[in-house]
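>>> give me a 3D structure for the following:
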Amino acid sequence: MTGGDGHSSDEHRKKGHQAPVREPLAVTSLQNERIKAIRALEMRKERKATGLFVAEGASIIVTARDNGWQPVTLLGLASSLESGVGRGLVQWARAANADVLAVNEAVLGKIAAKENPQSLLCVFRQRLAPPPQVRDMAKGDVWLVLEEVRDPGNLGTILRTLDAVGAKGVILVGPSCDPWSRECVRATMGSLFTVPIARMERPQFLDWLKQWPGDIVATHLAAAADFRTVSYREPVLVLMGSEGPGLSDELTATATRRVKIPMAGRLDSLNLAVATALVLYQVRGPYLRIES
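Coordinates of the predicted model:
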């Protein structure tokens, strides 16, 4: 191809001419089609139809980048895109051929969360992990099973805890809340991008479970064993039920260990995320160290 000055593009490259860096596309209207598509991702049906979701905040987006996730669209205030972190994210987005949008305060206000809004947002493709291969399990490995978890804040907090204790991942069994919802993504503080998430229907899970080589641990109100005194046979699979009904009888029956969290107050149950954290820290305790 020949340029307007008669020189070929190859000649330009040989002389050291560089292609101009594309500036972010300035968007100031809520009627912009890209903005309308991103706003629509607030709805679960749209996330399901497109396979996309939104993450907010520079630190969460950086975590995604550092763990190999690829952006679809990066957007934010021009000042944020031009900052030190923002410039690096723009380069990353450009390298992935993603759209980069510079929006004004009015547009950002309609896309970002109402509480503690962030000035940088990124659209990603959802990524589910395949069911873990039991033959690849190693000593110390821990997987968590959540049956019909309903609260996205709980799920996000649990994903963050899984990351903190070094567990291998989570399997969502049966209908559950959406891990790609804004509330869940924010509650993970970036752990959504580091913790594998698998999904299984109950029959598929029960069939897969037959191969598990270690203990299958379930918390249960009728259990007699204190979860702190049990010696767990590794690798360990921890089963936790939904916020209301708890673990189903069908899954409870598969447990090789039924344990209980002792309580001295009037209540007989804890918040799901809190209970899960207690059990995970106990099971993973021998492998956790405070580094000096």
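
>>> next up, the contacts around the residue most central in space within the chain.
Nearest to the geometric centre of the chain sits Leu192, at 1.7 Å (C-alpha atoms, centre = their mean). Leu192 sits next to Ala55, Gly156, Leu159, Pro179, Cys184, Val185 when contact means C-beta atoms under 8 Å, 6 or more residues apart in numbering. (Glycine included, C-beta is placed from N, CA and C.)

>>> quick check: the farthest pair among these?
Farthest apart among those by C-beta to C-beta are Ala55 and Leu159. That separation is 12.9 Å.

>>> just want to know which of those two has more residues nearby.
Leu159 (29 against 24; other C-beta atoms under 10 Å).

>>> give the contact list for that one.
Taking C-beta under 8 Å, 6+ apart, we find Leu159 in contact with Val170, Pro179, Cys184, Ala187, Thr188, Ser191, Leu192, Val195, Ile197.

>>> and for Gly214?
So Gly214 contacts Met137, Tyr232, Arg233, Glu234, Pro235, Val236, Leu237 (C-beta under 8 Å, 6+ apart).

>>> about what we covered before: mark which of the contacts of Leu159 are part of strands, please.
Val170, Ile197 (DSSP state E).

>>> out of the contacts of Leu159, who's the most crowded?
Greatest neighbour count in the contacts of Leu159, by other C-beta under 10 Å, goes to Leu192: 28 neighbours.

>>> pLDDT wise, what is that residue at?
You'll see Leu192 listed with a pLDDT of 97.

>>> now do Thr28
pLDDT, the model's per-residue confidence, is 85 for Thr28.

>>> ok, now Ala224?
We have a pLDDT of 89 for Ala224.

>>> which parts of this structure are helices?
Taking DSSP state H as the test, the helices found in the chain are 9-14, 33-40, 44-50, 58-66, 78-81, 84-95, 105-111, 152-165, 182-188, 202-209, 249-252, 272-284.

>>> which stretch in the ones you listed is the model least sure about?
When these are ranked by mean pLDDT, helix 9-14 comes last with a mean of 42.

>>> so how far is Thr50 from the residue nearest to Asp163 when sequence neighbours are not counted?
Excluding its sequence neighbours, the residue lying closest to Asp163 (C-beta to C-beta, 6 or more residues apart in numbering) is Ser191, at 3.8 Å. Distance of Ser191 to Thr50, computed by C-beta to C-beta, to the nearest Å: 23 Å.

>>> likewise Pro175?
Pro175 sits 20 Å away from Thr50, taking C-beta to C-beta as the criterion.

>>> so which of the two has more stuff around it?
Thr50 (15 against 12).

>>> mind listing what the more buried one touches?
By C-beta under 8 Å, 6+ apart, the residues touching Thr50 are Ala37, Leu41.

>>> still on that earlier bit, and the residue nearest to the centre of the chain, how far is that from Lys36?
Per C-beta to C-beta, Leu192 is found 25 Å from Lys36.

>>> check Asp249 too.
According to C-beta to C-beta, Asp249 and Lys36 sit 46 Å apart.

>>> more neighbours: these two, which one.
Of the pair Asp249 and Lys36, Lys36 is the one with more neighbours under other C-beta under 10 Å, namely 12 against 8.

>>> quick one: the more buried one and Val27 touch, right?
No - between Lys36 and Val27 there is no contact under C-beta atoms under 8 Å: 10.8 Å.

>>> is it true that Val238 touches Tyr281?
No - using C-beta under 8 Å as the test, Val238 is too far from Tyr281 to be in contact (11.1 Å).

>>> between those two, who's got more neighbours?
Counted by other C-beta under 10 Å, Val238 and Tyr281 do not tie: Val238 has more neighbours, with 27 against 13.
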